[in-house]
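Participant: what follows is a protein structure lacking sequence information:
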DNA sequence: GGGAGACTATTTCTAATAGGAATATGTCTA
DNA sequence: TAGACATATTCCTATTAGAAATAGTCTCCC
C-alpha cells in the first residue's frame, strides 16, 4: 500500500548510483528506512514483546489478524524478518530445541524497532481499507447470471459471513478475560459486528433481488442473458 | 486470488519446453485458459458490449468498481487486454479519432469471451472478500498509541466512510433511472449500506474506547506505552 | 522396526498486483 | 507560444500471494 518512497526533500530524481533506496545503512542515521505495509504488520506482531520464529509469526497472524487483515505467506514473513533485521528493528538468535523439533531462529523487537512501530502507528496517514469483494463484482455483472445462481452466490456468501462472525465472537469471548488483550479484544468485537453486518447486507441484497424480479415480472430482467452460451 | 493453474490432469510436472502455461494456443481447444481475477474483472467490464480503449476501461472501472473492488493500474489493464486478445476473448482495432486526440486501440468482447465470463460468473467458487483494514490493524496495536491518537485515527476513518457512503448514494440516485443499470444499481445500494455500516462501526469503536478508558480509570490502559520513544 | 502421515521450520520459485514514471500527441488558454 | 491539461500507452520496479520443495523430528500403527 501507501507508496511513500522518496517523498521528502530533493530525492525526486535519484541518481543511477543510488539504486537501493530501502534499508538505510547503519552509517546514515536520521534517514529512516521506508517500509511497506507488511513490514509494519510483522513488526506490530513483535511489538507485544515476545520472542518468535517466522513460523510462530505465521501461525499467530493467521489466528489474530485474519478477521480484518491479511494472511501473509511464509515467504513474506521470512523476507520481512530479514529486512527488519538489516535495518536494526529486530534482532535474532538461533535456539536449539530441547523437546524434539529442529533448531529455529527467533526474533525480538529492538528499541529502535519499538520506536519505529510506535511512530508508524501514531503518525502514518489513515488510509482507506483495501476491499476486493468478488461477490459484489458478480452481482454487479448480474446480467451474466440467472437469478437463481445469483441467489446461490449470495447465500453462500451469507453463510461465510455468519461463520466468520461466530468465530470472531468465540475468539472475543476467549480474549476478553486477559487484561493484556484489551485492544485485540476491541478489534475482535469490531470484527464480530463487521461480519454480522456483512451477513445482514447479504440478506438485504437477497430481498432487493426478489423485489427487482417481482417488479418487472418473472425474471424478465436478464432476458437476453438467458440464451445459453 | 484462487490459484488453479494446472489443476487438471497430468499437468503437474511441466516440461521445460512448456514454459508459458497460460493462454492455450488456438490449436488445443477444449483446454480453457485459466485467468486471474483481474482478467475477469476487465472482461466483465467489456461484457456490457461497448467498444472501449484501455484508457476508457481504466476510467470506467475507477468510477464503477471503486466501492467494492479494486482500481487496477493502467499497466494491468493493458496487460490483461493483450492476454485476453491472445486467448481470443476480446478483439481489437485501431480507430483514428476525428476530433483531436491521437489514435487509439479499442476492444470488444468476442462470443467466446462472452461465454467465458458468463461461465465464470455462474460457476466460479464463491470466495471470501479480501479485506486489509489498516485502521483496525492499528487499533489492534492499541498499546502503541495514546487514546487521543486512536480517537483521531478512528475519526478520520469515520469521515472517509461517510464520504464514500454519500458518493455511493449519489451514484445510486444517478443510476437507478436506467433500466439497463439494474444490477449495477443494486451493487451501489449495497455499497451505500456497506459504508454506512463502516461509519457506524467506527462510532461503536469510539464508544467502546471511551468505555475501556473509563473502566480502568483515566487512560491507565496504555500506561507503559506512554513513555515516549 | 519401518514406513506413512503430521507437525515444525525455512527457502525457493513464479505469478499476480500495485503504482509511479516516461512518452506521445493533441487541445485549450493565459 | 509556453504551459497546463486530457487522452492514450508502455515501461519498470516493488510488493504481495501462494504453491512447492526441502528437512528434521515425532507418533501411530501394522
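Facilitator: Noted; the coordinates are in hand. Everything numeric here is computed off the predicted structure, so don't read it as measured data. Residues are numbered from 1 along each chain as shown, chains lettered A, B, ... in the order given.
Participant: near chain B at all, the longest helix anywhere in chain A?
Facilitator: Using DSSP state H to define each element, chain A has its longest helix at helix A:182-215. Yes: Helix A:182-215 lies within reach of chain B by C-beta under 8 Å from any C-beta of the partner chain, at A:182-184, A:186-187, A:189-191, A:193-194, A:197, A:201, A:204-205, A:208-209, A:212. In short, each C-beta sits where N, CA and C put it, glycine included.
Participant: buried sites along stretch A:75-90?
Facilitator: Across stretch A:75-90, burial judged by 16 or more other C-beta atoms under 10 Å in any protein chain shown covers A:76-81, A:83-85, A:87-90.
Participant: likewise stretch A:174-181?
Facilitator: Quick answer for stretch A:174-181 (16+ other C-beta under 10 Å): A:175, A:181.
Participant: so how far does it reach from one end to the other?
Facilitator: Stretch A:174-181 has its terminal residues 10 Å apart, counting by C-alpha to C-alpha, to the nearest Å.
Participant: returning to that earlier point: buried only: go through the residues of helix A:182-215 next to chain B for me.
Facilitator: Neighbour counting over these (16+ other C-beta under 10 Å) leaves A:182-184, A:186-187, A:189-191, A:193-194, A:197, A:201, A:205, A:208-209, A:212 as the buried ones.
Participant: for DNA strand C, state which of those is nearest.
Facilitator: Taking C-beta to the nearest atom of the strand as the measure, DNA strand C sits nearest to residue A:194 out of these, at 20.0 Å.
Participant: contact partners for the nearest residue to that closest one once chain neighbours are set aside?
Facilitator: Take residue A:194 and drop its neighbours on the chain: the residue closest to it by C-beta to C-beta, 6 or more residues apart in numbering or on different chains is residue B:201, 6.2 Å away. Residue B:201 is in contact with A:190, A:193-194, A:197, counting by C-beta atoms under 8 Å, 6 or more residues apart in numbering or on different chains.
Participant: gap between residue B:201 and residue A:80?
Facilitator: Applying C-beta to C-beta, to the nearest Å, the value for residue B:201 to residue A:80 is 29 Å.
Participant: what's the answer for residue A:134, then?
Facilitator: As judged by C-beta to C-beta, residue A:134 and residue A:80 stand 27 Å apart.
Participant: identify the residue nearest residue A:93 in space, chain neighbours excluded?
Facilitator: In space, residue A:93 is closest to residue A:106, 6.4 Å off (C-beta to C-beta, 6+ apart).
Participant: the one you found contacts residue A:91, doesn't it?
Facilitator: No: using C-beta atoms under 8 Å, residue A:106 is not in contact with residue A:91, being 9.8 Å away.
Participant: neighbour-wise, which of these two wins?
Facilitator: Between residue A:106 and residue A:91, counted using other C-beta atoms under 10 Å in any protein chain shown, residue A:106 has the larger neighbour count: 17 against 14.
Participant: so the more buried one belongs to a strand, correct?
Facilitator: Yes: under DSSP: H, G, I helix; E, B strand; the rest coil, residue A:106 falls within a strand.
Participant: any low-confidence regions in chain A?
Facilitator: Applying pLDDT under 70 to chain A picks out residues A:1-31, A:98-101, A:217-229.
Participant: mind listing the helices for it?
Facilitator: A:37-46, A:54-64, A:74-86, A:111-123, A:134-140, A:147-175, A:182-215.
Participant: check chain A and tell me which residue is nearest its centre.
Facilitator: Taking C-alpha atoms, centre = their mean, the centroid of chain A lies closest to residue A:69, which sits 2.1 Å from it.
Participant: dump the residue contacts of that one.
Facilitator: Residues near residue A:69 by C-beta under 8 Å, 6+ apart: A:41, A:61, B:131-134, B:136-137.
Participant: wait, which of these is closest to residue A:167?
Facilitator: residue B:131 (14.5 Å; C-beta to C-beta).
Participant: ok, the closest one - contacts?
Facilitator: A:68-69, A:129-131.
Participant: hmm, try it at 10 Å
Facilitator: Residue B:131 makes contacts with A:66-70, A:129-133, A:191, A:194, A:198, as judged by C-beta atoms under 10 Å, 6 or more residues apart in numbering or on different chains.
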